[in-house]
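In: generate a structure from the sequence data that follows.
(one chain, ligands or ions: 2)
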Amino acid sequence: MKSAPGRTTLNTKQDRVSAANNSRTVRLNRPNRPRRLRRTRVIRDLAAETHLTTAGMIQPYFVCEGAGIKDEIAGLPGIYRESVDSLAESIAADLKIGIDKVMLFGVTGRKDADASFASHPDNPVLRACRELKERFADELFVAADVCLCAYTDSGHCGIIEHGEVNNDKSAAILADMSLALAETGCDCLAPSDMMDGRVGQIRNALEEQGFTNTIIMAYTAKYSSAYYGPFREAAQSAPQSGDRKSYQMDPRNQTEALKEMQLDIAEGADIVMVKPALAYLDVIAKCSEQADVPLAAFNVSGEYASVKALSKQGFADEASLALENLTAIRRAGASIILTYHLRDILKHGWIER
Ligand code: PBG
Ligand code: ZN
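Out: Numbers count the residues shown, from 1 in each chain. Ligands and ions are numbered 1, 2, ... in the order given. Take a look at the predicted model:
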């Protein structure tokens, strides 16, 4: 009796004998059989090079004005736009399941040419930071996105002058916004605007005012990407005209990321970031070779929404997809990952805490 190729169930003694005979006759006598280390779950765990843990993961949140608001974001199932009161409750619940690192994004209708609401005490992000640090102190790490696109009437990440984004004026306003955030006790500022020199401006302002413990996690290699679509809808921050190509990086470039990283570290960034993550794994790998600070990657809105859509249609298992993506990001070299998946991972126990 001949066993079929790839056959693994040996039902009868006759089967086993013929399998043994077959293996005797076709044995390759190989010194190396990589499959040995893939045979059982326990052996696979032993041989694994990459271990995904949630310790380096950060959960993003969207915070808006008003009270009692918690609206699910259309493009980001499971992610909400919340007023400060609701956000504090959500984060209290999330802390219980193990989310102790958060990133806040502001959503507001108060927009003008100078992004003046960015540093206004009523800005929901500033209010949220104050509330969260008062309530949770150092049990919760609070990072805030530092950018002007949610506050400019143009929807651009900087201030428009003579039809262009004015770099230095924008950097000065970003430094003001950073100081306002630092005053609330916010642990970490994450400038996502891509203006030249803004990390240095922010670091100088912090040092001058005595905020020597405030961490800067710079969006260092932030690409001009179509994967931000669901985020822009969520934050109501899409540019009113044009695109972000004059400040965000060109997806065709890799070397430039190394230049940006060198600059951000020299200007005082504590952590550098590559964004998006999945289409830029080569950039993560290159940066991680050269970084002498922790490297973060942002698993962005469009990447999350793709996983949700594919699994909702029944074409893939959500946990498997999400963990495969996050493993790839970690394997490429990012030790910190910003990901919308974090709550699902902990809630459903996809990986141990
Ligand atoms: C603001 C900002 C964006 C994201 C983070 N900060 C959008 C953009 O630059 O257009 C994207 C995050 C995501 O897609 O999840 N500058
Ligand atoms: Zn922006």
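
In: tell me the contacts of the residue nearest to Val125 when sequence neighbours are not counted?
Out: Spatial nearest neighbour of Val125, excluding adjacent residues (CB to CB, 6 or more residues apart in numbering): Gly106 at 4.1 Å. To be clear about C-beta, it is placed using only N, CA and C from the backbone, and glycine gets the same treatment. By CB atoms under 8 Å, 6 or more residues apart in numbering, Gly106 lies in contact with Phe62, Val63, Cys64, Asn123, Pro124, Val125, Asp145, Ala150, Tyr151, Ala235.

In: out of those, which one has the weakest pLDDT?
Out: pLDDT across those is lowest for Ala235, at 89.

In: ok, now how distant is that one from ligand 1?
Out: 7 Å (CB to the nearest ligand atom, to the nearest Å).

In: right, and Ile91 touches Phe141 too?
Out: No: using CB atoms under 8 Å, Ile91 is not in contact with Phe141, being 11.2 Å away.

In: overlap in contacts, these two.
Out: In contact with both Ile91 and Phe141: Val102, using CB under 8 Å, 6+ apart.

In: of the two, who's got more company?
Out: Legend: neighbour count by other CB atoms under 10 Å for Ile91 and Phe141, higher for Ile91 (24 against 16).

In: helices and strands around the biggest helix by length in the chain, which ones?
Out: Scanning the chain for the longest helix, with DSSP state H as the assignment, gives helix 167-184. Packing partners of helix 167-184 (3 or more CB pairs under 8 Å, 6 or more residues apart in numbering; DSSP states H and E): helix 124-136, strand 141-146, strand 159-161, strand 188-191, helix 198-208.

In: can you add neighbour count and give the contacts of Gly106 back as CSV?
Out: As requested, these are arranged in CSV below (neighbours: other CB atoms under 10 Å):
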residue, neighbour count
Phe62, 24
Val63, 28
Cys64, 24
Asn123, 25
Pro124, 24
Val125, 29
Asp145, 23
Ala150, 26
Tyr151, 24
Ala235, 23
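
In: what's the closest of those to Met217?
Out: Checking the contacts of Gly106 against Met217 by CB to CB gives Asp145 as the nearest, at 9.8 Å.

In: where's that closest one relative to Leu104, distance?
Out: 7 Å (CB to CB, to the nearest Å).

In: then Ala319?
Out: Taking CB to CB, one finds Ala319 at 26 Å from Leu104.

In: okay, these two: which has more neighbours?
Out: Leu104 (23 against 17).

In: mean confidence for the helix or strand that one falls within?
Out: Assigned by DSSP states H and E, Leu104 belongs to strand 101-107. Regarding strand 101-107, the rounded mean pLDDT is 98.

In: sheet partners, orientation included, of it?
Out: When pairs are called by DSSP bridges, strand 101-107 turns out to pair with strand 57-64 (parallel), strand 141-146 (parallel).

In: follow-up on the earlier one: and the helices and strands packed on helix 167-184, which is most packed in?
Out: strand 188-191 (a mean of 26; mean count of other CB atoms under 10 Å).

In: alpha carbons only: can I get that strand in PDB?
Out: What follows is strand 188-191, C-alpha atoms only, in PDB (Å, rounded to 0.1, in the frame of the first residue of the first chain):
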ATOM      1  CA  CYS A 188       5.200  62.700  26.300                       C
ATOM      2  CA  LEU A 189       4.900  65.100  23.300                       C
ATOM      3  CA  ALA A 190       4.600  63.500  19.900                       C
ATOM      4  CA  PRO A 191       5.100  66.100  17.200                       C
END
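
In: does ligand 2 sit close to that strand?
Out: No: Strand 188-191 is not in contact with ligand 2 by CB under 5 Å from the ion; minimum separation 9.3 Å.

In: which residue, other than its chain neighbours, is closest to Asn299?
Out: Nearest one to Asn299, counting by CB to CB, 6+ apart, is Thr339 at 4.1 Å.

In: OK, contacts around that neighbour?
Out: Taking CB under 8 Å, 6+ apart, one finds Met57, Ile58, Gln59, Pro60, Asn299, Tyr304, Leu326 in contact with Thr339.

In: just these now: which is nearest Ala48?
Out: Nearest member of those to Ala48, counting by CB to CB, is Leu326, at 13.9 Å.

In: on the three-state scheme, the closest one is what?
Out: Counting by DSSP: H, G, I helix; E, B strand; the rest coil, the backbone at Leu326 sits in helix.

In: that one contacts Ile337, correct?
Out: Yes: using CB under 8 Å, Leu326 makes contact with Ile337 at a distance of 6.1 Å.

In: buried ones in stretch 153-172?
Out: Ser154, Gly155, His156, Cys157, Gly158, Ile159, Ile160, Val165, Asn167, Ser170, Ala171, Ala172 (16 or more other CB atoms under 10 Å).
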